[in-house]
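Colleague: Requesting a structural model of the entry that follows:
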Amino acid sequence: TVTGKLKKKAAKKMNEGTIDLDRLSLDQLNQLKLQEEGRLQNITSRYAELRAAHASFAAAKEALVQLTESSSSNNEQPKKMMVPLTASLYVPGRVKDTNKFMVDLGTGFYVEKSAKEAKEFLERKMKLIHVNSENIMKAIQQLRHNVESIVMAMQGKLVEIRARQEGQRVQREGQE
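Modeller: Residues are numbered from 1 along each chain as shown. Predicted coordinates for the structure are as follows:
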């Protein structure tokens, strides 16, 4: 039957048979769908956080490159800039040594690095984030696939239920 084919196809797609969708009721399928959609939402949020972190490191790298390039052309004159005190409060400042940078290692730990070391650090962080983003994107695709398979199984169950109801209606009409 059509419903049997739909359910088998969906069950096969669902992690290659990890969960047998044929054995689940419509309510169980709905709960599984909600669970997978929740996981999908969480992992999509994590992906967005990684992309934001990548953008932050890229901006830091660009600022580092601009600062070191502009100061090398200024014959090591102190570089004027606005120093942020908060997100919306700045004070004028000057950078005397454009080869020393304090790099945030995470969780409030900072280390002094040369311009070259800081750039390499930022590039490593960006590469790591890129690899993690790719892995998360694969997981997102799998979760979307799982949700589609569950929806297909639910549609198959609904067709099966309707066919059964129609068969019962026809049987009652034949008895009358």
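
Colleague: ok, Ala139 to Arg39 distance?
Modeller: For Ala139, the distance to Arg39 equals 9 Å [CB to CB, to the nearest Å]. In short, each C-beta sits where N, CA and C put it, glycine included.

Colleague: Then Glu112?
Modeller: 42 Å.

Colleague: who has more neighbours, those two?
Modeller: Arg39 (15 against 10; other CB atoms under 10 Å).

Colleague: Just give the closest residue to the more buried one, not the sequence neighbours.
Modeller: Leaving aside its chain neighbours, Arg39 sits nearest to Leu143 (5.8 Å; criterion: CB to CB, 6 or more residues apart in numbering).

Colleague: Strands of the chain, residue ranges please.
Modeller: 79-84, 90-95, 100-106, 109-114 (DSSP state E).

Colleague: out of the ones you listed, which comes closest to Asn30?
Modeller: With distances scored as CB to CB, the stretch of the strands of the chain nearest to Asn30 is strand 100-106 (40.8 Å).

Colleague: Can you give me the buried ones in the closest one?
Modeller: Phe101, Val103 (16 or more other CB atoms under 10 Å).

Colleague: Name the single longest helix found in the protein.
Modeller: In the chain, with assignment by DSSP state H, the single longest helix is helix 115-175.

Colleague: quick check: angle from that helix to strand 109-114?
Modeller: Angle of helix 115-175 versus strand 109-114, following axes from the mean of the first three to the mean of the last three CA atoms, to 10 degrees, is 130 degrees.

Colleague: Mind giving me the packing neighbours of helix 115-175?
Modeller: Helices and strands touching helix 115-175, by 3 or more CB pairs under 8 Å, 6 or more residues apart in numbering; DSSP states H and E, are helix 2-13, helix 26-73, strand 100-106.
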